[in-house]
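**Student:** give the three-dimensional model of this entry:
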Amino acid sequence: MLLPNKYENISQNYLSLGKDVIKILKNKRNIYDLFKELVAYRKDEYELTIQKYLFTLDMLYALGLIKLEGENIVKLK
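**Tutor:** Sure, this is the predicted structure:
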């Protein structure tokens, strides 16, 4: 489920991942390079999966915070 609950580690929640994506996404980035940078930025003991990353991008897109241009992610103001 995408909603946070009290049994989930908050750093692995989609909202927390989305916050970090928005923080490191200053200008247009390739979707694959952004994933690598997010993994390096977070330094979690838990492995960030592609599935969680893509769900996070879906959430940010649905909220109108990012858009996709080809293979690049662009942060909307």
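**Student:** how about the helices in the chain?
**Tutor:** Remark: helices assigned in the chain by DSSP state H are 14-24, 31-42, 50-62.
**Student:** tilt between the shortest one and helix 31-42?
**Tutor:** Going back to what we said before, that points to helix 14-24. Per axes from the mean of the first three to the mean of the last three C-alpha atoms, to 10 degrees, the angle that helix 14-24 makes with helix 31-42 is 100 degrees.
**Student:** elements contacting helix 14-24?
**Tutor:** Secondary-structure packing of helix 14-24 (3 or more C-beta pairs under 8 Å, 6 or more residues apart in numbering; DSSP states H and E): helix 31-42, helix 50-62. Heads up, the C-betas are built off the backbone N, CA and C, glycines and all.
**Student:** adding mean neighbour count and distance to Gly70, write the helices of the chain out as JSON lines.
**Tutor:** Below are the helices of the chain laid out as JSON lines (neighbours: other C-beta atoms under 10 Å; distance: least, C-beta to C-beta, whole Å):
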{"stretch": "helix 14-24", "mean neighbour count": "16", "distance to Gly70": "18"}
{"stretch": "helix 31-42", "mean neighbour count": "14", "distance to Gly70": "9"}
{"stretch": "helix 50-62", "mean neighbour count": "15", "distance to Gly70": "14"}
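**Student:** let me have these in TSV, adding distance to Pro4 and mean pLDDT as columns.
**Tutor:** Putting the helices of the chain into TSV (distance: least, C-beta to C-beta, whole Å; pLDDT from 0 to 100) gives the following:
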stretch	distance to Pro4	mean pLDDT
helix 14-24	6	92
helix 31-42	17	92
helix 50-62	12	93
